[in-house]
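Asks: build me a model from this:
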Amino acid sequence: MSRLSSLLAATFSLSFALLAAAPFRAMRQKLGMTQEEFGIRYGLTLARVRDWEQGRSAPDGAARAYLRVIEKEPEAMPGKSVWL
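Replies: Model (predicted):
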């Protein structure tokens, strides 16, 4: 892969992760929780919550489905570690 192609791919990946971060952060804030509280309540590590919100990584397919359920029915989800 050329240097330009590598830079474009990295830029696209970062842009995608940052776009995905905003709705996740908004959902957590709508629930009135800190990053730590959200992680504890829904079984996510604090590092994972931070990485998603800061665009360092994005939730995979299963995590996105889990987050959609949390968004729709926040009280229905377990409060134990499932996504460590």
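Asks: quick one: the strands in the chain?
Replies: Counting by DSSP state E, the chain forms no strands at all.
Asks: which stretches of it have low pLDDT?
Replies: Counting by pLDDT under 70, the low-confidence segments of the chain come to 1, 4-20, 78-84.
Asks: what do you get if the cut-off is 50, keeping everything else the same?
Replies: Low-confidence segments of the chain, defined by pLDDT under 50, span residues 8, 12, 14-16, 18, 84.
Asks: the residue nearest to the spatial centre of it: what's it in contact with?
Replies: Centroid check for the chain by C-alpha atoms, centre = their mean gives residue 52 as the closest residue, at 3.6 Å. When the contact criterion is C-beta atoms under 8 Å, 6 or more residues apart in numbering, the partners of residue 52 are 20-21, 24, 58-59. Bear in mind the C-beta positions are built from the backbone N, C-alpha and C, glycine included.
Asks: can I get those in a markdown table with neighbour count and distance to residue 43?
Replies: Formatted as a markdown table, these follow (neighbours: other C-beta atoms under 10 Å; distance: C-beta to C-beta, whole Å):
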| residue | neighbour count | distance to residue 43 |
| --- | --- | --- |
| 20 | 16 | 20 |
| 21 | 19 | 20 |
| 24 | 21 | 15 |
| 58 | 17 | 18 |
| 59 | 20 | 13 |
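Asks: looking at it, residue 76 is touching residue 66, isn't it?
Replies: No - counting by C-beta atoms under 8 Å, residue 66 is not a contact partner of residue 76; they are 11.5 Å apart.
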